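>>> need coordinates for the below:
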Amino acid sequence: MGDRIVLGRLVYSVFETRWLPQIGEGPTARVPQNRFFLIRMSVGTTAAGETLIPNKTIEDDKGNSYAELSNGEGVPQWLGFLRPVTTGGGTVGNAVFDAPPAHYKLHLSDENSQQTALVDIPLSFRAETPELPDRNAYPK
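Residues are numbered from 1 along each chain as shown. Now for the predicted structure:
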C-alpha cells in the first residue's frame, strides 16, 4: 500500500483500509452480510480526455473473491461505481466491499482490463473505533 501503480493510462495509489460493522445509524443503517470493507485510494490518468476506472475485486488467501459494491449509499467519500476520470482531475475516495475480515489482495486493472496488478492489503482493525470498557466492570 502507498506505492504508485501505473496500469495503462490509469495511476493508482492505495492509502488505507477501514472495516465497518454498519454504515449509518438507527433503523436506516445499512448492515452488510459480513463487514463493510472500505479501501481509500486515489486514481488519476495520464491520457487526454476521459477514462473510466474499472471496478475492483478483492481476493483472500483461500481464493474467495468479493466484487466491489455498486451501492455506496452512506459511504464517506465513495468513489462511485461508474467512475470517469480526466487528465489533471484525479479522484480520491473509498471503494467498498462486503467481505469477512481477512488478509486480501486488491485486484486493479487498466482501462481495458488487459494489464492488472495486485495490492497486498494486510488485515488491520486500527481504523475502527475501539470499544471503551465499562467503568462499572472494574472494582474500585
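
>>> tell me which residue is most central in this structure.
residue 39 (2.3 Å; C-alpha atoms, centre = their mean).

>>> for residue 114, see how far away that residue is.
22 Å (C-beta to C-beta, to the nearest Å). From N, CA and C alone the C-beta is placed, and that goes for glycine too.

>>> do I have it right that residue 121 meets residue 38?
No: contact criterion C-beta atoms under 8 Å: residue 121 and residue 38 do not qualify, at 11.2 Å.

>>> so what sits against both of those two?
Common neighbours of residue 121 and residue 38, counting by C-beta atoms under 8 Å, 6 or more residues apart in numbering, are residue 17.

>>> tell me the SS of residue 27?
What DSSP: H, G, I helix; E, B strand; the rest coil gives for residue 27 is helix.

>>> just the buried positions in the worst-scoring helix or strand of the chain on mean pLDDT, please.
Least confident helix or strand, the chain: strand 83-86 with a mean of 84, by mean pLDDT, DSSP states H and E. Residues of strand 83-86 classed as buried: 83, 85 (neighbour count, 16 or more other C-beta atoms under 10 Å).

>>> so which elements touch it?
If you count contacts as 3 or more C-beta pairs under 8 Å, 6 or more residues apart in numbering; DSSP states H and E, strand 83-86 packs onto strand 35-45, strand 50-53.

>>> contact partners of it?
10, 43, 44, 45, 49, 50, 51, 52, 53, 91.

>>> re the thing from before, which one's more surrounded, residue 121 and residue 38?
Neighbour tally, residue 121 and residue 38, criterion other C-beta atoms under 10 Å: the higher count belongs to residue 38, 23 against 20.

>>> quick check: the more buried one touching residue 18?
Yes: the criterion here is C-beta under 8 Å, and residue 38 meets it with residue 18 at 4.4 Å.
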